[in-house]
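Chemist: Please find the sequence and the predicted model below.
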Protein chains: 2
Amino acid sequence: METTAPLGLRDKKRAETRAKLERVAVELVLRDGLAHATVDAISDAADVSPRTFFNYFDSKEDAILGVRNPELTDDEVAQHLAASDGGGLVESIVSLLLWVIEPSTTSSELHMSRMKVVKAHPELLSRHITQMTRMADQLTAGIQTLLEKDPRFEGDSPETLQPSADVLFALCTGGVRVAVKEWVTNGSAATQDQLANLDQLERRAIELVREVTKKIQ
Amino acid sequence: METTAPLGLRDKKRAETRAKLERVAVELVLRDGLAHATVDAISDAADVSPRTFFNYFDSKEDAILGVRNPELTDDEVAQHLAASDGGGLVESIVSLLLWVIEPSTTSSELHMSRMKVVKAHPELLSRHITQMTRMADQLTAGIQTLLEKDPRFEGDSPETLQPSADVLFALCTGGVRVAVKEWVTNGSAATQDQLANLDQLERRAIELVREVTKKIQ
DNA sequence: CTCAATTATTGCGCTTGCTGCAAAGTTTCG
DNA sequence: CGAAACTTTGCAGCAAGCGCAATAATTGAG
């Protein structure tokens, strides 16, 4: 599942440093607030120079949210979409989005802390969104090929061709966004098992999308 | 329609300064690129101190896009929604969103320049989105009351109650976003008459939303 | 093991965005 | 006119982020 080539001491250290920065960033934000958790402070607490910080992350927010610069490969996207195929379009796409948002490699504790951070500083949500749109092209490309493989849109008449991958993407993004927002605002119910949480989030996002598409005519 | 109390020389000057800043900001970005159009340069070209710049705008981007700090009043939102009522929900909401994005008071020339700017610097689009989400609470509140007045969702059974205003908002936001993106990327067709453009944009956004809701079951 | 190539870390200095504060200038209105 | 209200501005400061060049660590080949 993971392409973690178990190579070299070097990469190992690098991974550790990144992990430490992510962890410390979240900690400091929780303790001192977003504004007080400066890059200097974070780097300091991670025993690393501020300059090094920017070798790992493009911005403070990226560190806090655990966003990795090395963006997705097309293969990864295609693979994930293929894996969750069989269900509906919406299911596949929502799953993809949640996967992008959530660096699944993080520890569950870090994950929970991040939830708290986002709850305390909702501005960060827009960073999440930005991240999504940053990868939008890649993701919509993946969705596009998914659409092309979908038998449902094969022999359609011209005007009822495939729905635009862009729009689908936007719609699902909306669903995910709202699901996350709901889940962030409606208290800490079930914050223990974050795997169940993810699942729940996914279901809710799909439900929201469905709800709207049904109601609007 | 507008609450422009034609008061005082003071307010007049203020309006002029703001307009000048907006105009100059767009000009400089077009001429020198986004990075080179610094706050200093903009303020300079507008014969105003950099410090004053921030009395008018919260950020460089706000000036470029003509975003006004004094956010919307609930009344304005309600009024606009009421005005475009009668059509469908989607129509009303899309119209509202476009109205929020586009400060209608700007001159058409400035408007066109802004289009070019956005085309040349798509990063700015995310600012637009941010602005939308910034006002999300207010707008969804307005949508919520619109939903409550809608006879279509009145006597529904519990599980088929109103679709969440949040999700509707997200969906339409997605539609608008994609419409704008399309229109930005697909060349300069019809950039002459920007009123027609807005109309076209609105129609396209609605169409996109419809398209998706129909296709997905 | 040793040495050279590669890559990571760091310090330094700089630009830019943005804010608070208090002084000086304008506009308004009685 | 003259006081109150508001704007502009300079100054000083913080934090983000980048380019560069020196230093240090890791690696792989011999």
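Modeler: Perfect, thanks for sending it.

Chemist: ok, is the helix or strand encompassing residue A:207 in contact with chain B or not?
Modeler: Counting by DSSP states H and E, the element that carries residue A:207 is helix A:194-215. Yes. Against chain B, helix A:194-215 shows contacts by C-beta under 8 Å from any C-beta of the partner chain at A:208-213, A:215. No exception for glycine: its C-beta is placed from N, CA and C like everyone else's.

Chemist: Turn these into JSON lines, including neighbour count, pLDDT and distance to DNA strand C.
Modeler: Listed next are these as JSON lines, based on neighbours: other C-beta atoms under 10 Å in any protein chain shown; pLDDT from 0 to 100; distance: C-beta to the nearest atom of the strand, whole Å:
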{"residue": "A:208", "neighbour count": "26", "pLDDT": "87", "distance to DNA strand C": "32"}
{"residue": "A:209", "neighbour count": "30", "pLDDT": "86", "distance to DNA strand C": "34"}
{"residue": "A:210", "neighbour count": "16", "pLDDT": "87", "distance to DNA strand C": "39"}
{"residue": "A:211", "neighbour count": "19", "pLDDT": "83", "distance to DNA strand C": "37"}
{"residue": "A:212", "neighbour count": "25", "pLDDT": "81", "distance to DNA strand C": "34"}
{"residue": "A:213", "neighbour count": "22", "pLDDT": "83", "distance to DNA strand C": "37"}
{"residue": "A:215", "neighbour count": "20", "pLDDT": "74", "distance to DNA strand C": "39"}
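
Chemist: would JSON lines of those residues with distance to DNA strand D be doable?
Modeler: Putting the residues of helix A:194-215 next to chain B into JSON lines (distance: C-beta to the nearest atom of the strand, whole Å) gives the following:
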{"residue": "A:208", "distance to DNA strand D": "31"}
{"residue": "A:209", "distance to DNA strand D": "32"}
{"residue": "A:210", "distance to DNA strand D": "37"}
{"residue": "A:211", "distance to DNA strand D": "37"}
{"residue": "A:212", "distance to DNA strand D": "34"}
{"residue": "A:213", "distance to DNA strand D": "37"}
{"residue": "A:215", "distance to DNA strand D": "40"}
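
Chemist: and which of the residues you listed is nearest to residue B:149?
Modeler: Nearest to residue B:149 among the residues of helix A:194-215 next to chain B is residue A:215, at 15.5 Å by C-beta to C-beta.

Chemist: Residue B:143 versus that closest one, what's the distance?
Modeler: 13 Å (C-beta to C-beta, to the nearest Å).

Chemist: Ok, residue A:42 next?
Modeler: Using C-beta to C-beta, one gets 39 Å for the distance from residue A:42 to residue B:143.

Chemist: What residues does chain A have near DNA strand C?
Modeler: Residues of chain A lying close to DNA strand C by C-beta under 7 Å from any atom of the strand are A:10, A:13-14, A:17, A:47-49, A:51-52, A:55-56.

Chemist: can you tell me which of the residues you listed are in helices?
Modeler: Cross-referencing these against helices under DSSP state H gives A:10, A:13-14, A:17, A:51-52, A:55-56.

Chemist: among these, which two are most distant?
Modeler: Longest distance between any two of these is 18.9 Å, between A:10 and A:51; criterion C-beta to C-beta.

Chemist: which residues of chain A score low on pLDDT?
Modeler: Applying pLDDT under 70 to chain A flags the ranges A:1-7, A:69-72, A:85, A:102-108, A:125-134, A:151-163, A:184-197, A:217.

Chemist: if we go to 90?
Modeler: For chain A, the stretches with pLDDT under 90 are A:1-15, A:35, A:61-62, A:65-90, A:92-202, A:204-205, A:207-217.

Chemist: How is chain A divided into domains?
Modeler: Using automatic domain parsing, the domain parsing of chain A gives A:9-65, A:74-215.

Chemist: so which of those gets nearest residue B:87?
Modeler: domain A:74-215 (16.0 Å).

Chemist: okay, how far is it across that closest one, tip to tip?
Modeler: End-to-end distance of domain A:74-215: 34 Å, with C-alpha to C-alpha, to the nearest Å as the criterion.

Chemist: Return the closest of the residues of helix A:194-215 next to chain B with respect to residue A:79.
Modeler: The closest of the residues of helix A:194-215 next to chain B to residue A:79 turns out to be residue A:209 (C-beta to C-beta; 22.9 Å).

Chemist: which one is that closest one nearest to, not counting chain neighbours?
Modeler: residue A:175 (3.9 Å; C-beta to C-beta, 6 or more residues apart in numbering or on different chains).

Chemist: in whatever helix or strand the one you found lives in, what's buried?
Modeler: Residue A:175 is located in helix A:165-185, with elements delineated by DSSP H and E. Buried residues in helix A:165-185, counted by 16 or more other C-beta atoms under 10 Å in any protein chain shown: A:165-184.

Chemist: other SSEs contacting it?
Modeler: For helix A:165-185, the packing partners by 3 or more C-beta pairs under 8 Å, 6 or more residues apart in numbering or on different chains; DSSP states H and E come out as helix A:89-101, helix A:108-120, helix A:123-134, helix A:136-149, helix A:194-215, helix B:165-185, helix B:194-215.

Chemist: could you check the angle helix B:136-149 makes with the fifth one?
Modeler: I take that to be helix A:194-215. Angle of helix A:194-215 versus helix B:136-149, following axes from the mean of the first three to the mean of the last three C-alpha atoms, to 10 degrees, is 50 degrees.
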